[in-house]
Each structure stands twice: as structure tokens, then as C-alpha cells.
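K.L.:
I need the structure of the sequence given here:
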Amino acid sequence: MSGALRQRTGPAHTRIYAYGAARGENSVPNDDLVGPIDSSDEWIRQRTGIITRVRADKDTDAIDLASDAAAEAISRSGIDPAQVDAVIVATISNPKQTPSVSAIVADRVGANPAAAYDLNAACAGFAYGIAQADALIRAGSARYAVVVGAEKLSDVVDPTDRSISFLLGDGAGAAVIGPSETPGIGPTVWGSDGSRADAVGMNATLTQFRDGEVPWPTLRQEGPTVFRWAVWEMAKVARQALEEAGVEASDLAAFIPHQANMRIIDEFAKQLKLPDSVVIARDIETTGNTSAASIPLATHRLLEEHPELSGGLALQIGFGAGLVFGAQVVVLP
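P.N.:
Modelled structure (predicted):
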């Protein structure tokens, strides 16, 4: 037998090089949605902070949105797309169960034959993807990686549903991750609680739909359950991510939570005792809740509106169906 098995190792540190974004083509104000749920613009604004949300054209799918966001992130990063070794797309709205969105995106952006896979961690998907890209690069399995959160949630909305339908939007956000001289991605605090799988998710299976037992499956949630969990449990996770990164809330330049609901975001800020110097992402107001896409979309907007945040620390946290959660502190590109 020959010598010992070889193993790869990569660089000691990684960082995010750039972000890209793609939002649905149409702005859909509250007034367009209130009829079927017997509600009002005022009720939606008070409960969620949403004024309008973006939704994609009928012929645009999650793959199109993901490809556009990834292409922008790569172009801004200054990396040749051929150098991208891994493409990870977080989504719950792949129009087909297979093939993956990521393989098609990798090909479209010029990263073929990069390793490509989709991950399904709902609203925590982007944070999960960042954790994986960081680990893959430091292990030597990839030199550069693209992580995309992409959703076309308007395909799985029931216009008469009062629990979640009016929250949801369509879009994709992407980040390019690569080697760094200094740490740019802090330790990830992540996990799941499958005992609460019924709190938010699809209301039926595709096989039930096929057999004519149910209408087209759509997203539903137990609002109060999810709200309580997000506010109390997730504030602990956010604090833990700060602790593991060795930073204080006052060291942050920005706080970028999953854009689930403005009331949750406000409550978070209170519980974390964020000083006024920390810029809080509030992209939900005009984008809506885009699940896996919400953190990178919110980050992209924040950097456009506040270029001075570049190089600062941001705490990001995603949480949603599963129930699943993931948080880390990152250096903004």
C-alpha cells in the first residue's frame, strides 16, 4: 500500500468580496392585495411595516433572478467567473424539484464546471450558504464561491390567505466569497427545531395535488407562534453570534436580520440594545419578505444607500420554516 492519504487545506480566512441583486419587475402595493383578505393598507402597514412588495413577471422564475444577482456579484467582485469553484443557491422555489437551480446558474454566469447545489433552509438559507462557502474555502475544496438566495414566492401564494400571503415578494441576492488576509466571516451559530415544523411551510404535498386531493400547495404560517419564536429565541441566537465573533453590539456598523416583519426587526433592535450608530436594514418596506433572498437583498440596498458602511461589521440572522436559523457577523465589502 502506498503512503498516507492526502488532504487539502485552504486559506486561513475568507471574506465577502461583493454583492449582487435582482428584484421582481413589479411593485405591488398593499391596496392591490387587500380585497381577497378583507383587509386594509393601514392594517398591513401596522402589522408588518410593508408598503409595497416586488413580484416577478409570470415568465420570470427563481433561476432567472438567481442568475442576474450572481452575475452582478461576480462582476463587482473583479473575479473571473471561471475562477468560481462552487455555486450554492438557497431557495424553496425551484420551479422543478430537479435539476438544481445552482447548476443552471453556474452555467449561465460562466462558472461551468463549478460544483453546484441547492440548499433548502427557507429564510435561513443565505446564512447557511455563507457558513458552507466559508468552510469549503478554508478546507481547500473551493477557491471562490458564489452564494445566492433566490425566491419566487408569488408562485406559492394564496391571495385569500391572511397568514402570510401579503408578506411575500420575489427576488434574489448573491455574494462572492473568497480568501482573505484577515477574518471576514465570523463563526456561524445555526440550528433547527423540527418539532415546530408545522409553524410555517407548505399546506400540502405535491402528491396530494397530483391526486386531486388538494388545490395547488401554498405557504401558510401560524403568525403568533412564529412571531414569539423569532423575537425571543432568535434574539438569543443573535447575541450568541456576537459573542462567538468576539464583538459587542456597539462594534457593529449594521444589523441585517431576515426581512420577515418590521415589528420583529424593531423588537430585535431593542433586545440587542443596538446603539443609534448601528444602521438597521429595513428593506421589507418596499421589497416584502423574500425568504432566502432577504438578507443579501437588504445588504445590497444598505451598501448602495450607505457606502460608508463598507469595511464595517454586520450581524446577519436568518430564521424560518423548519424551524431553522443561522447567524454570523461578517465584514461588509
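
K.L.:
Walk me through the domains of this protein.
P.N.:
If you go by automatic domain parsing, the domain ranges for the chain are 13-180, 189-331.

K.L.:
Turn the ones you listed into CSV, including mean pLDDT and mean neighbour count.
P.N.:
C-beta here means a position set from N, CA and C on the backbone, and glycine is covered the same way. Output for the domains of the chain, formatted as CSV (pLDDT from 0 to 100; neighbours: other Cβ atoms under 10 Å):
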stretch, mean pLDDT, mean neighbour count
domain 13-180, 96, 22
domain 189-331, 96, 19
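
K.L.:
Next, format these as JSON lines and append distance to Ser2.
P.N.:
Formatted as JSON lines, those follow (distance: least, Cβ to Cβ, whole Å):
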{"stretch": "domain 13-180", "distance to Ser2": "21"}
{"stretch": "domain 189-331", "distance to Ser2": "39"}
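
K.L.:
give the contact list for the closest residue to Met202 other than its chain neighbours.
P.N.:
Excluding the flanking residues, the one nearest Met202 by Cβ to Cβ, 6 or more residues apart in numbering is Pro217, at 4.6 Å. Going by Cβ atoms under 8 Å, 6 or more residues apart in numbering, Pro217 touches 156, 202-206, 208-209.

K.L.:
Just to be sure, Pro217 is in a strand?
P.N.:
No: under DSSP: H, G, I helix; E, B strand; the rest coil, Pro217 falls outside any strand and is assigned coil.

K.L.:
State the distance from it to Gly191.
P.N.:
26 Å (Cβ to Cβ, to the nearest Å).

K.L.:
Leu297 now?
P.N.:
24 Å.

K.L.:
One more: Ile284?
P.N.:
Taking Cβ to Cβ as the measure, Ile284 falls 24 Å from Gly191.

K.L.:
One more: Val34?
P.N.:
Counting by Cβ to Cβ, the gap from Val34 to Gly191 is 37 Å.

K.L.:
in its sheet, what does the strand or helix carrying Gly201 sit against?
P.N.:
Using DSSP states H and E, Gly201 maps to strand 200-202. Its sheet considered, strand 200-202 pairs with strand 219-221 (antiparallel) by DSSP bridges.

K.L.:
After the strand it pairs with, which helix or strand is next?
P.N.:
helix 223-228.

K.L.:
Contacts for that following helix, please.
P.N.:
163-164, 196, 199-200, 260-261, 263-264.

K.L.:
Now for those residues: which two are most distant?
P.N.:
The span of the contacts of helix 223-228, defined through Cβ to Cβ, is set by Arg196 and Arg263 at 19.9 Å.

K.L.:
Would you state the helices of the stretch 201-333 of the chain in chain order?
P.N.:
With DSSP state H, counting those that start in this stretch as the criterion, the stretch 201-333 of the chain has helices at 206-210, 223-228, 234-245, 262-271, 284-287, 294-305.

K.L.:
Reformat the ones you listed as CSV; add distance to Lys96.
P.N.:
Conversion of the helices of the stretch 201-333 of the chain to CSV gives the following (distance: least, Cβ to Cβ, whole Å):
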stretch, distance to Lys96
helix 206-210, 11
helix 223-228, 28
helix 234-245, 32
helix 262-271, 32
helix 284-287, 25
helix 294-305, 23
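
K.L.:
For Ala172, which of these is the nearest?
P.N.:
Nearest to Ala172, of the helices of the stretch 201-333 of the chain and by Cβ to Cβ, is helix 294-305 at 7.6 Å.

K.L.:
C-alpha coordinates for the closest one, CSV please?
P.N.:
Output of helix 294-305 as CSV, limited to C-alpha atoms (Å, rounded to 0.1, in the frame of the first residue of the first chain):
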residue,chain,number,x,y,z
SER,A,294,-34.0,38.8,2.0
ILE,A,295,-30.6,39.2,3.8
PRO,A,296,-28.5,39.7,0.6
LEU,A,297,-31.1,42.0,-0.9
ALA,A,298,-31.2,44.1,2.2
THR,A,299,-27.4,44.1,2.4
HIS,A,300,-27.1,45.2,-1.3
ARG,A,301,-29.5,48.1,-0.7
LEU,A,302,-27.7,49.1,2.5
LEU,A,303,-24.4,49.3,0.7
GLU,A,304,-25.9,51.3,-2.1
GLU,A,305,-27.5,53.8,0.3
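
K.L.:
Name the residues that touch that helix?
P.N.:
For helix 294-305, contacts defined as Cβ under 8 Å, 6+ apart pick out 19-21, 23, 69, 123, 126-127, 147-149, 171-175, 254, 256-260, 279, 281-284, 287, 290, 309-310, 314, 316, 318, 332-333.

K.L.:
likewise stretch 75-86?
P.N.:
17-20, 74, 106, 109-111, 114-116, 133, 136, 141-146, 176, 178.

K.L.:
quick one, what contacts the spatially most central residue of the chain?
P.N.:
Nearest to the mean C-alpha position of the chain, by Cα atoms, centre = their mean, lies Ala292 at 3.0 Å. Residues in contact with Ala292 (Cβ under 8 Å, 6+ apart) are 90-92, 121-126, 149-151, 318.
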